[in-house]
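> Here is my input; please provide its structure:
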Amino acid sequence: MEDDPLQLRDVVPADTLVSHPGLPWWGWLLIAVGAVLVTVAVVFLIRRKPATAGMQIPVDREAAYRLAQEQIQSSAELPLHEAATRISGALRLYLAKIFRDPSLYETHEEFLARHEALDDLPEITREQVSTLLCRLAQMKYDQPRTSPGEVATDQPLSVLRQIHQQAPA
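As a prediction, the model looks like this:
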């Protein structure tokens, strides 16, 4: 009668069905402590500043000035839109290198809206720079004309020279 499916049987003890854990309690403790130590070490390494973070790489002012000058002078033969873009880029790159100014990565409107832009320069020079950049922006975004037009490089070179003379050493 043991094969009768309707017959009730005794309950089997659960201890024989559950396998014994592979590690004792102190093994699990060692794993947990090790995981915490690795996490703390990773967080410490991520938050630690590299040794060169506080150091600023010296900028060759003369090389930056010559590069901006060459770019402005070479833009005289270009069409109006391209010349204005190149002159604006040259001035912004020079400002980014010498003053560590983020103007190279800003739109024209963002540059004008930032009140602390070029605080190291005298007010007159700041006005000349912003006026020149406004004029260049107008030329960059103006409707193309049938005749290419010529960009005068005298004013941008003059403003660049003033910035260079008044830039901190």
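> For the closest residue to Pro102 other than its chain neighbours, give me its contacts.
When the adjacent residues along the chain are set aside, Pro102 lies closest to Ala96, with 7.0 Å between them (C-beta to C-beta, 6 or more residues apart in numbering). Yep, even glycine has a C-beta here, placed from its N, CA and C like the rest. Contacts for Ala96 (C-beta atoms under 8 Å, 6 or more residues apart in numbering) come out as 102-105.
> now those: which count as buried?
When the contacts of Ala96 are checked for burial by 16 or more other C-beta atoms under 10 Å, the buried set is Ser103.
> Of the contacts of Ala96, which is the nearest to Asp10?
The shortest separation between Asp10 and any of these is 79.0 Å, and it belongs to Tyr105 (by C-beta to C-beta).
> Any chance of the backbone angles for the closest residue to that closest one other than its chain neighbours?
Once flanking residues are discounted, Tyr105 sits nearest to Ala96: 7.8 Å by C-beta to C-beta, 6+ apart. Torsion angles at Ala96 (phi, psi; degrees, to the nearest 10) stand at phi -70, psi -40.
> Could you measure from Ala96 over to Ala117?
For Ala96, the distance to Ala117 (C-beta to C-beta, to the nearest Å) stands at 12 Å.
> Same check on Ala76?
For Ala76, the distance to Ala117 (C-beta to C-beta) stands at 27 Å.
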